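Visitor: coordinates only, sequence not included:
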């Protein structure tokens, strides 16, 4: 937690916040904070600044806070991700938030196991929890927008062409394709497949929607690693 | 497991191997393999090729194997990593192996908690286990060389200058430094700090050994994410 993110409900006045639960525990156990300490704070969806610990007890902390800094900019990207397995999903959500992706679409694919759609980690509160962890890690306040598309074909045929319009559309896909470009200076729409990759029909449909396959070499990366590697190379 | 990695002890003749344990379980439960199936196989430290499942039972599998392909090339890098916390260490070892890092030095730093050095995950067998998982993921056969340096100063003063000689020496470090270079065409020595970063004394010592600080932007990344992002950008 490199940034203490405050929710509206934490504020007891414009410059005072009260903490309980996970963040308080973290202050005690990881930061080993003491009264009087200064901490970086942020308002979810708002600015960043400084907090001073006025009171720190076992079950509650009170901070004086002030905000004077904008959060870091986001990457100009929309990321489409074939729904990863539940455990990976949680980590990917943190990574996506930490890396500064503003829009994430979780998409079905032939190789996404049906059971993955049943996971409680897809509930809005659970998604938000992971995104917050990513923002706290990277020092950002703005939650990415996550949408869920359980049907590949209608999304890719009807909505993706418009989403990808005026962007560089790319599909990360191992194979005999051009190397992923570097340091792109325009908005990007990037699709990353499931373990095992997109099937040829899906690559073709993504192509029709304006996304061209690019590759990162012959090594097969886990989804989380592929997301990070592609973003680091593209921007 | 995108590659079934075979150890010397698995071979019952030059072109036959027998499997038990984790890999057999994976064939049953994840691959849902059947007799007659073909699989990509590799020999630890050797070539890659094809295997055919001659026999697949609950407690044992037998494969006919042939090898005709070299493993993918490694990155020309020596990676120095401040020892991460145990849980992160395991994932980082997988990532390092998957990304093609040939040499990893796990190093002490002021901000490495002393307890991290006590973890059983630092035992040779445990390190090897995680590296194998990374190789299986990425389809590589060659284990990275991992060395452990529990004392920062003697390593950085006495051995690092020679290690870093004739390479581009870099320290990944947030701050007012030049941006990390892209697509470097020469060997690299890269040092990545602990959570919380190197302390100024350490940055100075790394500099004296020939490593210059570079940054990836204002976002603070987890160690595993920073490793992937820096490698993807450098090569």
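Guide: Received, thanks. Keep in mind the model is a prediction, meaning the values are calculated, not measured.

Visitor: and the residue lying closest to residue A:74 once chain neighbours are set aside, how far is that from residue A:75?
Guide: Nearest residue to residue A:74, sequence neighbours excluded (CB to CB, 6 or more residues apart in numbering or on different chains): residue A:102, at 4.1 Å. For glycine as for every other residue, the C-beta is placed from the backbone atoms N, C-alpha and C. Using CB to CB, to the nearest Å, residue A:102 is found at 7 Å from residue A:75.

Visitor: The helix or strand of chain A with the lowest mean pLDDT vs chain B: in contact?
Guide: The weakest-scoring helix or strand in chain A, judged by mean pLDDT, DSSP states H and E, is helix A:21-29 (a mean of 93). No. Judged by CB under 8 Å from any CB of the partner chain, helix A:21-29 stays clear of chain B, getting no closer than 12.5 Å.

Visitor: Which strands and helices lie in contact with that helix?
Guide: Counting contacts by 3 or more CB pairs under 8 Å, 6 or more residues apart in numbering or on different chains; DSSP states H and E, helix A:21-29 packs against strand A:4-6, strand A:48-56.

Visitor: Run the angle between that helix and strand A:48-56 for me.
Guide: Helix A:21-29 and strand A:48-56 meet at an angle of 70 degrees, taking axes from the mean of the first three to the mean of the last three CA atoms, to 10 degrees as the criterion.

Visitor: related to what we said a few turns ago, next, the contact list for the residue nearest to residue A:74, please.
Guide: Counting by CB atoms under 8 Å, 6 or more residues apart in numbering or on different chains, residue A:102 touches A:74, A:75, A:77, A:78, A:142, A:144, A:145.

Visitor: cool, residue A:28 as well?
Guide: A:56, A:58.

Visitor: That one and residue A:37: what is the separation?
Guide: 12 Å.

Visitor: Residue A:103 too?
Guide: Taking CB to CB as the measure, residue A:103 falls 36 Å from residue A:37.

Visitor: These two - which one has more neighbours?
Guide: Each of residue A:103 and residue A:37 has its neighbours counted (other CB atoms under 10 Å in any protein chain shown); residue A:103 has more, 18 against 14.

Visitor: what pairs with the residue nearest to the more buried one when sequence neighbours are not counted across the strands?
Guide: Leaving aside its sequence neighbours, residue A:103 sits nearest to residue A:78 (CB to CB, 6+ apart; 4.4 Å). Beta bridges link residue A:78 to residue A:103, residue A:189 when assigned by DSSP bridges.

Visitor: Residue A:78 against residue A:210, yeah?
Guide: No. Counting by CB atoms under 8 Å, residue A:78 stays clear of residue A:210, with 12.0 Å between them.

Visitor: joint contacts of the two?
Guide: Listed as contacting both residue A:78 and residue A:210 by CB under 8 Å, 6+ apart are A:164, A:189.

Visitor: give the contact list for the residue nearest to residue A:103.
Guide: By CB under 8 Å, 6+ apart, the residues touching residue A:78 are A:102, A:103, A:104, A:105, A:163, A:164, A:167, A:187, A:188, A:189, A:190.

Visitor: Please repeat the previous calculation with a cut-off of 10 Å.
Guide: If a contact means CB atoms under 10 Å, 6 or more residues apart in numbering or on different chains, then residue A:78 has A:101-105, A:145, A:147, A:160, A:163-164, A:167, A:169, A:187-191 as its contacts.

Visitor: Next one: it from residue A:20, what distance?
Guide: For residue A:78, the distance to residue A:20 equals 36 Å [CB to CB].

Visitor: can you give me the strands for chain A?
Guide: For chain A, the strands defined by DSSP state E cover A:4-6, A:11-13, A:16-19, A:38-43, A:48-56, A:61-69, A:77-82, A:103-107, A:145-149, A:168-172, A:188-192, A:212-214.

Visitor: Now the ones you listed in TSV, please, with extra columns for mean pLDDT.
Guide: Formatted as TSV, these follow (pLDDT from 0 to 100):
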stretch	mean pLDDT
strand A:4-6	97
strand A:11-13	97
strand A:16-19	96
strand A:38-43	97
strand A:48-56	97
strand A:61-69	97
strand A:77-82	98
strand A:103-107	98
strand A:145-149	98
strand A:168-172	97
strand A:188-192	98
strand A:212-214	97
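
Visitor: neighbours of residue A:200, just the number please.
Guide: 10.

Visitor: how close does it get to residue A:214?
Guide: For residue A:200, the distance to residue A:214 equals 16 Å [CB to CB].

Visitor: and which of the contacts of residue A:102 is nearest to residue B:182?
Guide: The closest of these to residue B:182 turns out to be residue A:75 (CB to CB; 16.0 Å).

Visitor: Could you check how many residues crowd around that closest one?
Guide: 18.

Visitor: Tell me the pLDDT of it.
Guide: What the model reports for residue A:75 is a pLDDT of 98.

Visitor: joint contacts of residue A:28 and residue A:37?
Guide: Shared contacts of residue A:28 and residue A:37, defined by CB under 10 Å, 6+ apart, are found at residue A:56.
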